[in-house]
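Undergrad: here you go, sequence then predicted model.
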Amino acid sequence: MGPNVSPYGANQSYGYGGGYPQYAQPYYAQQSATISAMQAPSSTVPPVPSGAFVTPSGGSIVTVPATEESYVENILRLNRGKLATFYMTYENNREWNAKIFKGIIEAAGRDHIVISDPSTGMRYLLLMLNLDYVTFDEPIKYEYPFHGSVVTPSTPMSS
């Protein structure tokens, strides 16, 4: 057979190096034209603040955070540099189900804690998901907004 002869009929050429029948090229070109015609003109999307919702019409609704917020990561951040003991649980772990880490609090985020062991210098990235509780051998810094004022360890208890 010659270069333009195929087992499917005479004079059918294969585009793209002989791997595809002739109809593949026009079909691809037709699809490309359809896809580019369907694409909307490019426009800039206005920035949406973190925590906001976008409505179906394209507007955004900004939610105001509650004034009474006290999260573990905030308490740990207030106590950076202090020695703490972290009690962690790891479900379905055959080697150890619970583990205790003791170290200096270096950082804390919404889903993690970074501590360092002062005796070895080893740093640990612990997941909040596994955290049961934390103990301190000294008083801790603790404050959060509550009803327009800030609650701290020195705030008197109401009767």
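TA: Done, it's in.

Undergrad: what average pLDDT does whichever strand in the chain runs longest get?
TA: In the chain, with assignment by DSSP state E, the single longest strand is strand 98-108. Strand 98-108 carries an average pLDDT of 96.

Undergrad: check stretch 115-135 too.
TA: 96.

Undergrad: quick check: the gap between the nearest residue to S149 once chain neighbours are set aside and Y142.
TA: Among residues not flanking S149 along the chain, T155 sits closest, at 7.9 Å (Cβ to Cβ, 6 or more residues apart in numbering). In this view, the C-beta of every residue, glycine as well, is placed from N, C-alpha and C. As judged by Cβ to Cβ, to the nearest Å, T155 and Y142 stand 10 Å apart.

Undergrad: now I113
TA: I113 is 16 Å from Y142, by Cβ to Cβ.

Undergrad: same question for E106.
TA: Distance from E106 to Y142, by Cβ to Cβ: 19 Å.

Undergrad: and the strands in this structure?
TA: With DSSP E as the criterion, the chain has strands spanning 53-54, 60-61, 83-89, 98-108, 112-116, 123-127, 131-136, 144-146, 149-151.

Undergrad: of these, flag the one that's most buried.
TA: Among the strands of the chain, ranked by average contacts under mean count of other Cβ atoms under 10 Å, first place goes to strand 112-116 (a mean of 19).

Undergrad: packing partners of that one?
TA: Applying 3 or more Cβ pairs under 8 Å, 6 or more residues apart in numbering; DSSP states H and E, we find strand 112-116 packed against strand 83-89, strand 98-108, strand 123-127.

Undergrad: change it to 7 Å
TA: Where contact means 3 or more Cβ pairs under 7 Å, 6 or more residues apart in numbering; DSSP states H and E, strand 112-116 is packed against strand 98-108, strand 123-127.

Undergrad: please list the outside residues in contact with it.
TA: The contact list for strand 112-116, computed with Cβ atoms under 7 Å, 6 or more residues apart in numbering, reads 76, 86, 101, 103-107, 122-128.

Undergrad: hmm, back to that, dump the strands of the chain to JSON lines, plus distance to Y71.
TA: Formatted as JSON lines, the strands of the chain follow (distance: least, Cβ to Cβ, whole Å):
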{"stretch": "strand 53-54", "distance to Y71": "21"}
{"stretch": "strand 60-61", "distance to Y71": "23"}
{"stretch": "strand 83-89", "distance to Y71": "16"}
{"stretch": "strand 98-108", "distance to Y71": "9"}
{"stretch": "strand 112-116", "distance to Y71": "12"}
{"stretch": "strand 123-127", "distance to Y71": "15"}
{"stretch": "strand 131-136", "distance to Y71": "12"}
{"stretch": "strand 144-146", "distance to Y71": "9"}
{"stretch": "strand 149-151", "distance to Y71": "14"}
